[in-house]
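A.B. asks: I would like the atomic coordinates for the input below:
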Amino acid sequence: PKAGFFRHMGGGAGYEVLASGIGSAITDTIFNPLELLKIQRQLRHHHKPKPILEAAESIRKRGGLRLLWTVALPETWIRSFAVTGLRIGLYPSFRDAGSADGEQQQQTFARKAAAGMMAGGLSAGLANPIDQVRTRLYAQAAVPVPSRPSTHQTGLGIATSI
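C.D. replies: Okay, here's the model as predicted:
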């Protein structure tokens with residue numbers, strides 16, 4: 001029998017990608033404010049960095065607490081599926097490709113490492129451009145209110161300017 005909750009339900013790699021992508025998207029939604037604060041602190045490298053609570057207060061004043069969760073959230077979800085969903089979801093399929101059911105317990109370290117490299121390489125290649133768009137959106141949220149783009153702006157327009 002193949003491992004994985006969704007495989008027992010008759011699913012395959014698609015269900016594995018979906019399950020891991022959704023789990024990662026939920027986690028990234030919860031931690032989106034911390035990512036925004038981290039990027040803003042990194043952008044202030046030429047100034048003395050603000051303490052994290054002071055940075056959070058600054059964001060609250062400029063856009064409210066809602067700003068902490070709305071900046072780049074769709075891009076964060078896309079990244080979740082590209083990175084975690086594909087990496088974790090496709091690994092078992094890559095690992096088991098070409099194996100008979102009885103051979104799965106006998107797989108070598110090299111085969112598992114190759115499967116991990118393929119799944120990880122694919123997910124990293126897809127996620128890199130998304131990370132650039134996401135970081136740009138986080139950086140723009142740090143700009144003073146008059147020149148800051150709408151917090152609902154997606155990365156589609158920004159992707160062309162990177």
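A.B. asks: the strands in this protein, which residues?
C.D. replies: With DSSP state E as the criterion, the chain has no strands.
A.B. asks: neighbours of Pro33, how many?
C.D. replies: If you count neighbours by other C-beta atoms under 10 Å, Pro33 ends up with 16. For every residue, glycine as well, the C-beta is placed using N, CA and C.
A.B. asks: mind listing what the closest residue in space to Ala141 that isn't next to it in sequence touches?
C.D. replies: Nearest residue to Ala141, sequence neighbours excluded (C-beta to C-beta, 6 or more residues apart in numbering): Val71, at 4.5 Å. If you count contacts by C-beta atoms under 8 Å, 6 or more residues apart in numbering, Val71 has them with Asn32, Leu36, Leu137, Tyr138, Ala141, Thr151.
A.B. asks: which of those residues sits closest to Trp77?
C.D. replies: Checking the contacts of Val71 against Trp77 by C-beta to C-beta gives Asn32 as the nearest, at 9.8 Å.
A.B. asks: could you check the pLDDT of that closest one?
C.D. replies: Per-residue confidence (pLDDT) for Asn32: 87.
A.B. asks: how about Gly120?
C.D. replies: The per-residue pLDDT reported for Gly120 equals 93.
A.B. asks: before we move on, back to that, next, format the contacts of Val71 as CSV and append distance to Ala19 and neighbour count.
C.D. replies: Listed next are the contacts of Val71 as CSV, based on distance: C-beta to C-beta, whole Å; neighbours: other C-beta atoms under 10 Å:
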residue, distance to Ala19, neighbour count
Asn32, 21, 20
Leu36, 27, 25
Leu137, 27, 23
Tyr138, 27, 22
Ala141, 31, 22
Thr151, 30, 19
